[in-house]
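*Asks:* Need coordinates for the following:
(one chain, ligands or ions: 1)
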Amino acid sequence: MCTATNYTAKDHYFGRNLDLEFSYHEAVTITPRNFPFPFRKAADLTTHYAMVGMTTVADGYPLYYDATNEKGLSMAGLNFPENADYKAEVAGMDNISPFEFIPWILGQFETVAQVREALEKLVLVDISFSAELPLSPLHWIISDREESLTVESVKDGLKVYDNPVGLLTNNPTFDIQLFNLNNYASVSTAQPENRFSKKLQLDTYSRGLGAVGLPGDLSSMSRFVKAVFTAENSLSGESESEAVSQFFHILGSVEQQRGCVEVGDRYEITIYSSCCNTDTGIYYYRTYENSQLTAVDLHKVDLDGDSLSTYPLVTGQQVREQN
Ligand SMILES: C[C@H](CCC(=O)NCCS(=O)(=O)O)[C@H]1CC[C@H]2[C@@H]3CC[C@@H]4C[C@H](O)CC[C@]4(C)[C@H]3C[C@H](O)[C@]12C
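*Replies:* Numbers count the residues shown, from 1 in each chain. Sure thing, here's the model as predicted:
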């Protein structure tokens, strides 16, 4: 399970939690403009926008989980088991496999409006990267500063939803996730008035009573509601420090603590949380054990180069000793 979100202060930010019971040796990777991207069924991109994001690099190929390009367009893949359905190749269409989807979009486009148009010709084809890295069932959020889309390839075909909350978790399908928000219309940041009973005298004995009913469990639908509530009501100053901190607090509202979600004989945890300033290209992350922010700056490498810059995650706790 995972959660991806957007936040705007002065700059715009995009990031996600990756929740899983194991790790694929994640690394932050910068792909510069002249790294040749091969595509199995589409023309190679020999020159394209540069991007930074979280990857597993396999056979020299950056398999992106989430990324932002130099124009500020961002995209993340999240688990979508049972629902994701990839198709056979269709002549005359853009046939892109799930592992190619992020580079194909971020390599070529600047805005969600351009992506919406390009998706009209897209088929997500059922081609795996390799025997060791088979197809994974994913759906995607694609965002710029102004708007977001959700893309789901299901039995019925490719669904492209406008995403008015700029947030994505996992199952069920996005239309149902949005519909479910109807159930929470009365949840509020303000203290409630007693509409429960005219006969009872009810006391606002605690702060935060307006949000009673907001789900607190870690299921995908509950995280969607909780994270949308937190993101929609989020306030921060405009500075980088204030905005980035606020961003990690939004993700923190739905993070997974080891021991609370069983997966066989293991437990799902938030392996990393990321926050990319999409205006400056600085990609911040923290990991389950490393609460300090680590940053990788897209613009600190030669973006006209042709080879990847890969930064394995700093995963151990970084303690600042004060005396
Ligand atoms: C599993 C993760 C979602 C986290 C999640 O939701 N976990 C709940 C598990 S549970 O369902 O609740 O039990 C997703 C998110 C992004 C994915 C990678 C995307 C690139 C690449 C695509 C290739 O095709 C296959 C290998 C590949 C490295 C992918 C592996 C894996 O699929 C990643 C990490």
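*Asks:* What ranges does this structure have for its helices?
*Replies:* Applying DSSP state H to the chain gives helices spanning 101-108, 112-118, 174-180, 220-232, 240-252.
*Asks:* what's the most buried one of the ones you listed?
*Replies:* Ranked by mean neighbour count, those are led by helix 101-108 with a mean of 23 (mean count of other CB atoms under 10 Å). Using the backbone N, CA and C atoms, a C-beta is placed for each residue, glycine as well.
*Asks:* want to throw the helices of the chain into CSV with mean pLDDT?
*Replies:* Shown next, in CSV, are the helices of the chain (pLDDT from 0 to 100):
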stretch, mean pLDDT
helix 101-108, 98
helix 112-118, 98
helix 174-180, 98
helix 220-232, 98
helix 240-252, 98
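*Asks:* can you put those in JSON lines and add distance to Pro62?
*Replies:* Converted to JSON lines, the helices of the chain look like this (distance: least, CB to CB, whole Å):
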{"stretch": "helix 101-108", "distance to Pro62": "7"}
{"stretch": "helix 112-118", "distance to Pro62": "20"}
{"stretch": "helix 174-180", "distance to Pro62": "26"}
{"stretch": "helix 220-232", "distance to Pro62": "27"}
{"stretch": "helix 240-252", "distance to Pro62": "23"}
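*Asks:* Select, out of these, the one closest to Asp126.
*Replies:* helix 101-108 (12.8 Å; CB to CB).
*Asks:* and the stretch 1-150 of the chain, which residues reach the ligand?
*Replies:* 1-2, 18-20, 24, 56, 63, 65, 77-79, 81, 98-99, 129, 133, 135-136 (CB under 6 Å from any ligand atom).
*Asks:* just the buried members of those residues?
*Replies:* Those of those that meet the buried threshold are 1-2, 18-20, 56, 63, 65, 77-79, 98-99, 129, 135, by 16 or more other CB atoms under 10 Å.
*Asks:* Show me the beta-bridge partners of the closest residue to the ligand within the stretch 201-323 of the chain.
*Replies:* At 5.5 Å from the ligand, Val263 is the closest residue in the stretch 201-323 of the chain, using CB to the nearest ligand atom. Following DSSP bridges, Val263 is listed with bridge partners Arg266.
*Asks:* now the stretch 51-200 of the chain, which segments are flagged as low pLDDT?
*Replies:* Nowhere does the stretch 51-200 of the chain drop to pLDDT under 70.
*Asks:* hang on, the earlier thing: out of the helices of the chain, which is closest to Val301?
*Replies:* Smallest distance to Val301 across the helices of the chain (CB to CB): 16.3 Å, for helix 101-108.
*Asks:* What is the closest one packed up against?
*Replies:* strand 51-58, strand 61-69, strand 74-79, helix 112-118, strand 138-143 (3 or more CB pairs under 8 Å, 6 or more residues apart in numbering; DSSP states H and E).
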